[in-house]
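> Could you work out the structure for the sequence below:
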Amino acid sequence: MAEEIENPVKQPIPSKSDRTVTVGLIQMSCGEDPEENFTRSAQNIHTAASKGAQIICLQELFCSRYFCQKEDVAFFDLAEPIPGPTTDRLSHLAQELQVVIIASIFEKRAPGLYHNSAVTFDPTGKRVGKYRKMHIPDDPYYYEKFYFTPGDLGFQSYSTPYAELGVLVCWDQWFPEAARLTALKGAQLLFYPTAIGWLEGEVEETNQAQYAAWETIQRGHAVANGVFLVSVNRVGREEKLTFWGQSFVCDPFGRVLARASAEEEEVLVVECNLREIEETRRNWPFLRDRRIDAYGDLSALFHK
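Predicted coordinates for the structure are as follows:
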């Protein structure tokens, strides 16, 4: 009689809420040559993947220097369509390394119509998301309204094999409404590709106050929504701005899990235990206790 072979017991595949996901943050300085910037970014993506990163995020406008410090129509030549040459290369890179890649692109949508956009590719190379920056600043050396049309795709969450994630861009990070709406779409991690730094001539006390405010408000988004938050800044000096780096990851309690250098380029790889989202929200049920019946006045710009 043939020996009976027991059927193997299939182990349950953990849900996305029970997994640990590893994120990679690429903090770089940028030069004048977009091709060189892309090549160095790709090398850093390879490095992050070799260290176990599953979701890798580049800084804002990673292919160029931060050109918004002045208004110059020549810089529109840096823009490209989506899909386009850069997104095609990122797609192949995501497929090659079996990772999710988040990248900020200067998007040419139509003649005279441009966006500050972020694309997300899954490990098959498929583009699973495109976000157009919603909040566009117009401040000294951040003259973005000259270049970018405000986004029209709303706030989104993208499903990937590793986690549900949402992407916002730089100036968006100051607005709690953006973080909330993205979290309500199901995002477990909020990613913020960023380009922010200190203005030339500011006193040190002001510099440190600005940095502290930047980190504090983002950690607050993590706490208020019970999610992980990943902020990826550039580093180095460009024209009038010295970018302060210090890219970081924080957990749903707002605790900083890791922080990059203030001055050096760095590939930061950090593990995030997604079970903490459920545990945190059970004890701090902010979503449960929201008074959505009383928030209609948020649609007004001001009430006086």
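
> Just the C-alphas of the longest strand anywhere in the chain, formatted as PDB.
When the chain is parsed with DSSP state E, its longest strand is strand 100-110. Extracted C-alpha coordinates of strand 100-110, given in PDB (Å, rounded to 0.1, in the frame of the first residue of the first chain):
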ATOM      1  CA  VAL A 100       7.700  50.300  -4.900                       C
ATOM      2  CA  ILE A 101       9.200  53.600  -6.100                       C
ATOM      3  CA  ILE A 102       7.800  57.000  -5.300                       C
ATOM      4  CA  ALA A 103       9.200  59.900  -7.300                       C
ATOM      5  CA  SER A 104       8.500  63.600  -7.700                       C
ATOM      6  CA  ILE A 105       8.300  64.800 -11.300                       C
ATOM      7  CA  PHE A 106       8.000  68.200 -13.000                       C
ATOM      8  CA  GLU A 107       5.000  67.200 -15.200                       C
ATOM      9  CA  LYS A 108       4.200  68.800 -18.500                       C
ATOM     10  CA  ARG A 109       0.500  68.200 -18.900                       C
ATOM     11  CA  ALA A 110      -0.100  70.300 -22.000                       C
END
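
> helices or strands next to it in the packing?
Other helices and strands packing on strand 100-110, by 3 or more CB pairs under 8 Å, 6 or more residues apart in numbering; DSSP states H and E, are strand 55-58, helix 85-97, strand 113-121, strand 164-167, strand 189-193. All C-beta spots, glycine's among them, are computed from the backbone N, C-alpha and C.

> Which stretch among the ones you listed approaches residue 173 most closely?
strand 189-193 (4.8 Å; CB to CB).

> The residue lying closest to residue 142 once chain neighbours are set aside: what's it in contact with?
Excluding the flanking residues, the one nearest residue 142 by CB to CB, 6 or more residues apart in numbering is residue 68, at 5.8 Å. Applying CB atoms under 8 Å, 6 or more residues apart in numbering to residue 68 gives the contacts 141, 142, 143, 144, 146, 147.

> separation between residue 68 and residue 134?
16 Å (CB to CB, to the nearest Å).

> the strands in the stretch 151-300 of the chain, which residues?
Secondary structure of the stretch 151-300 of the chain (DSSP state E, counting those that start in this stretch): strands located at 158-159, 164-167, 189-193, 197-199, 228-232, 235-238, 241-244, 248-250, 256-259, 266-273.

> just checking, what packs against the lengthiest helix in the chain?
In the chain, taking DSSP state H as the definition, the longest helix is helix 204-225. With contacts taken as 3+ CB pairs under 8 Å, 6+ apart, helix 204-225 sits against helix 176-184, strand 189-193, strand 197-199, strand 228-232, strand 248-250.
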